[in-house]
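**Student:** mind folding the following:
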Amino acid sequence: MSMPAGASATSRGRGLLPLGALALLALASVLFACAAGSVRLAPGEMGAGLAALLRGDRAGMAATLLGLRLSRALSGFATGAMLALAGVMMQALLRNPLADPYVLGVSGGASVGALAAMLFFDALWVIDAAAFGGALAVALLLFALAHRDLRGGMDASAPLLLLTGVIVGAGCGALVTLLLSIAPDSRLRGMVFWMIGDLSGGQARWLPWLALGVALAYALRRARDINVLALHAGGAEALGVPVGRLRRGLFFCAALLTAGAVSNAGSIGFVGLVVPHACRFALGPDHRLLLPASALAGGAFLVLADTLARTVLAPQQLPVGVITALIGAPVFLLQLHRLGRR
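**Tutor:** Sure, this is the predicted structure:
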């Protein structure tokens, strides 16, 4: 039975309202990040700085500060959106509410590549390339080990893929420990900060935004199928859902998002776990709304957390991964308590 036109329009309107509110929250978080810091920028100074940046003039203090903070905020927003979106995809793929972007060990591969590059090289682009290459290598290894299960329609593939990812991640963790143990003191602090998650060197790059846009477009196109897969994995194929192709698509999109986020800012925890759950509690399990809402909320959350990390002990800056963990752990425990009460 088809839905009446009026009911469909009402449903779309109800979906656009929270997305509009989250979009405003995202914009407000970026503006707040641009204004806050050791030297605060008033709205008039931000306007003058933005006008100077548009003219290509970075000579003034307002333009310099605004340029640095805006680049960092945009980098943080892209990273948070990628992590949250990857978390939604992993929870749907594995049908496990505790799944997050790091559960398959892709971040471990990125960590091995980045730390090896930091040990032997100084160029930032080499570190980014090594992190992305390590994540891609682990993703291809996982696909080679579990491609038969991802191709099939049986729900038993999810636990096997999860166990494979845990084992691969443990091996990457051992390599990370080895690299940290042989690193000289002059490089150890930077490596540890990268492992915790740090946006201090974040720059506005177009590749993370491209990865985010491609993955979000694919997920929204398959949102109805993802709903069926998440609710009725055993009978999804009988309902016309191409389960094998959908699982492979979710796997590669989640791996691409995780690789982009980790190479951009290191391993930042809890964003991909807490934000999807919070959006699911507030907006429901419909992935047509959950996917874009999680991306917007994840980006805004990480921007606000990074602003807190660089201002709470200013001029000293904290790793943003510490802030997300301090906020995410109690929030997730509260979510579990509410779920238990329900």
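**Student:** contact partners for the most centrally placed residue in the chain?
**Tutor:** Compute the mean C-alpha point of the chain, and by C-alpha atoms, centre = their mean the closest residue is Leu83, 1.2 Å away. By C-beta atoms under 8 Å, 6 or more residues apart in numbering, the contact list for Leu83 reads Pro101, Leu257, Thr258, Ala261, Ile268, Val271, Gly272, Val275, Gly298, Leu302. Backbone N, C-alpha and C define where each C-beta goes, glycine included.
**Student:** tabulate those in CSV, adding columns for secondary structure, pLDDT and distance to Ile327.
**Tutor:** Conversion of the contacts of Leu83 to CSV gives the following (DSSP: H, G, I helix; E, B strand; the rest coil; pLDDT from 0 to 100; distance: C-beta to C-beta, whole Å):
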residue, secondary structure, pLDDT, distance to Ile327
Pro101, coil, 82, 17
Leu257, helix, 92, 21
Thr258, helix, 90, 21
Ala261, helix, 89, 18
Ile268, coil, 89, 12
Val271, helix, 92, 10
Gly272, helix, 90, 14
Val275, helix, 93, 11
Gly298, helix, 96, 13
Leu302, helix, 95, 11
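**Student:** which of those are buried, as a ChimeraX select command?
**Tutor:** With 16 or more other C-beta atoms under 10 Å as the criterion, this ChimeraX line picks the buried residues out of the contacts of Leu83:
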select :101,257,258,261,268,271,272,275,298,302
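**Student:** contact partners for Gln91?
**Tutor:** Pro97, Ala99, Ala230, Pro276.
**Student:** please redo it, this time with the cut-off set to 7 Å
**Tutor:** Applying C-beta atoms under 7 Å, 6 or more residues apart in numbering to Gln91 gives the contacts Pro97, Ala99, Pro276.
**Student:** now Phe121
**Tutor:** Ile127.
**Student:** next one: it from Leu141, what distance?
**Tutor:** The gap separating Phe121 from Leu141 is 24 Å, by C-beta to C-beta, to the nearest Å.
**Student:** Ala62 too?
**Tutor:** Ala62 is 48 Å from Leu141, by C-beta to C-beta.
**Student:** equivalent analysis for Val30, please.
**Tutor:** For Val30 relative to Leu141 (C-beta to C-beta), the value is 37 Å.
**Student:** comparing those two, which shows the higher neighbour count?
**Tutor:** Neighbour count, other C-beta atoms under 10 Å: between Val30 and Leu141, Val30 has more, with 21 against 17.
**Student:** what sits closest to the more buried one if chain neighbours are left out?
**Tutor:** Ala73 (4.8 Å; C-beta to C-beta, 6 or more residues apart in numbering).
**Student:** got the buried residues for the helix or strand hosting the one you found?
**Tutor:** Using DSSP states H and E, Ala73 sits in helix 61-94. The neighbour-count check on helix 61-94 (16+ other C-beta under 10 Å) flags 62-63, 65-67, 69-70, 72-94 as buried.
**Student:** swap in stretch 112-124?
**Tutor:** For stretch 112-124, the neighbour count (16+ other C-beta under 10 Å) marks Val112, Gly113, Ala114, Leu115, Ala116, Ala117, Met118 as buried.
**Student:** for stretch 205-216, same thing?
**Tutor:** Buried positions in stretch 205-216, judged by neighbour count with 16+ other C-beta under 10 Å: Arg205, Pro208, Trp209, Ala211, Leu212, Ala215, Leu216.
**Student:** could you export those residues as CSV, including secondary structure, pLDDT and distance to Trp194?
**Tutor:** Shown next, in CSV, are the buried residues of stretch 205-216 (three-state DSSP; pLDDT from 0 to 100; distance: C-beta to C-beta, whole Å):
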residue, secondary structure, pLDDT, distance to Trp194
Arg205, coil, 77, 17
Pro208, helix, 86, 16
Trp209, helix, 91, 21
Ala211, helix, 89, 20
Leu212, helix, 93, 21
Ala215, helix, 94, 23
Leu216, helix, 95, 26
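**Student:** quick one: residues contacting Ala219.
**Tutor:** Counted by C-beta under 7 Å, 6+ apart, Ala219 has contacts Leu85, Met89, Cys253, Leu291.
**Student:** which residues does the first one contact?
**Tutor:** Spelled out, it's Leu85. Ala215, Leu216, Ala219, Leu257, Leu291, Ser294, Ala295, Gly298.
**Student:** check which helices and strands the helix or strand that contains the fifth one is in contact with.
**Tutor:** Take DSSP H and E as the rule and Leu291 turns out to sit in helix 287-311. Counting by 3 or more C-beta pairs under 7 Å, 6 or more residues apart in numbering; DSSP states H and E, the packing neighbours recorded for helix 287-311 are helix 5-35, helix 61-94, helix 206-221, helix 223-231, helix 271-283, helix 320-341.
**Student:** so which of those is nearest Gly169?
**Tutor:** Each of these has some distance to Gly169 by C-beta to C-beta; the shortest is helix 61-94, at 13.0 Å.
**Student:** all good on my end, thank you.
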